[in-house]
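Visitor: Need coordinates for the following:
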Amino acid sequence: MNNLVLFIFIRITVVDQSEISNELAAAEYIKDIYKFYKRLETKDWLIKAHLKFEQMELQLVGINGMLIGCKYEEIWAPRVNDLIIDSDNTYIREHILKMKKAIFGVLGRYLTTSTSYVFLVRYTKALIPYDNKSMVFCLTRWLGLVHYSIIMENNPSKLVASTVYVSRCTLNKTPAWTGTLKYHTGYFEDELR
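Guide: Predicted coordinates:
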């Protein structure tokens, strides 16, 4: 049993120490979770689903997107009958279930994707002290609003790491890129410049 505790302790970094007692944070798995997010950020299942349905039956796709999303993320998912009523009885139960099956066929086992938000949460947590967290959030949102092409051409993890770097440079933090940030982001300072 002591070896298991030692193994878990070694896998949990200083950044995650405050989460050890929080069972929902899954601190012992956080490194693996973010490796998975980095693998996913090169795949965009939403575009594949959009192309597959050729913009037809968007309301039906939207209803199922909400149904699937709620089952994945929320404690209580809506019932199919509630969705039928919400769509003004446009669809019957079989339509909704058939579309849900088609969406799952396109998505495969990928029910999540890595967005800039998951990396924002992680990388700003690695900012010790948390002095420029709000600047990182603002810079990342600004990039998304003003420079959409940059967002589309780069991985979310690299964009967020870059905004962390820019914010530290703007605030004259030294060093601009720490070993902790390199470890948690996987990027070297010269990659972000």
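Visitor: Three-state assignment for residue 112, please.
Guide: Applying DSSP: H, G, I helix; E, B strand; the rest coil to residue 112 yields a three-state assignment of coil.
Visitor: typo on my end, it should be residue 102
Guide: When states are read from three-state DSSP, the local structure at residue 102 comes out as helix.
Visitor: And the pLDDT for it?
Guide: Residue 102 carries a pLDDT value of 91.
Visitor: burial measure for residue 61, as a count.
Guide: By the other Cβ atoms under 10 Å criterion, the neighbourhood of residue 61 contains 19 residues. Where C-beta positions appear, they are placed from N, C-alpha and C, glycine not excepted.
Visitor: quick one: it and residue 103 touch, right?
Guide: Yes: assessed by Cβ atoms under 8 Å, residue 61 is found in contact with residue 103 at 7.1 Å.
Visitor: From residue 76, how far out is residue 125?
Guide: 29 Å (Cβ to Cβ, to the nearest Å).
Visitor: With residue 189 instead?
Guide: If you measure residue 189 against residue 76 using Cβ to Cβ, the figure is 45 Å.
Visitor: likewise residue 116?
Guide: Using Cβ to Cβ, we find residue 116 at a distance of 28 Å from residue 76.
Visitor: okay, now the domains of the protein?
Guide: Domain assignment for the chain, taken from automatic domain parsing, gives 2-40+114-192, 45-107.
Visitor: Pick out whichever of residue 125 and residue 76 has more residues nearby.
Guide: Neighbours were tallied for residue 125 and for residue 76 using other Cβ under 10 Å; the higher tally belongs to residue 125 (16 against 7).
Visitor: which residues touch the residue lying closest to that one once chain neighbours are set aside?
Guide: If the residues on either side of it in the chain are set aside, residue 125 comes closest to residue 15, at 5.4 Å by Cβ to Cβ, 6 or more residues apart in numbering. With contact set as Cβ atoms under 8 Å, 6 or more residues apart in numbering, residue 15 has these partners: 125, 126, 128, 180, 184.
Visitor: again, only this time at 10 Å
Guide: Shown in contact with residue 15 (Cβ atoms under 10 Å, 6 or more residues apart in numbering): 27, 30, 122, 123, 125, 126, 127, 128, 180, 181, 183, 184.
Visitor: burial measure for the first one, as a count.
Guide: Per other Cβ under 10 Å, the neighbour tally for residue 27 reads 20.
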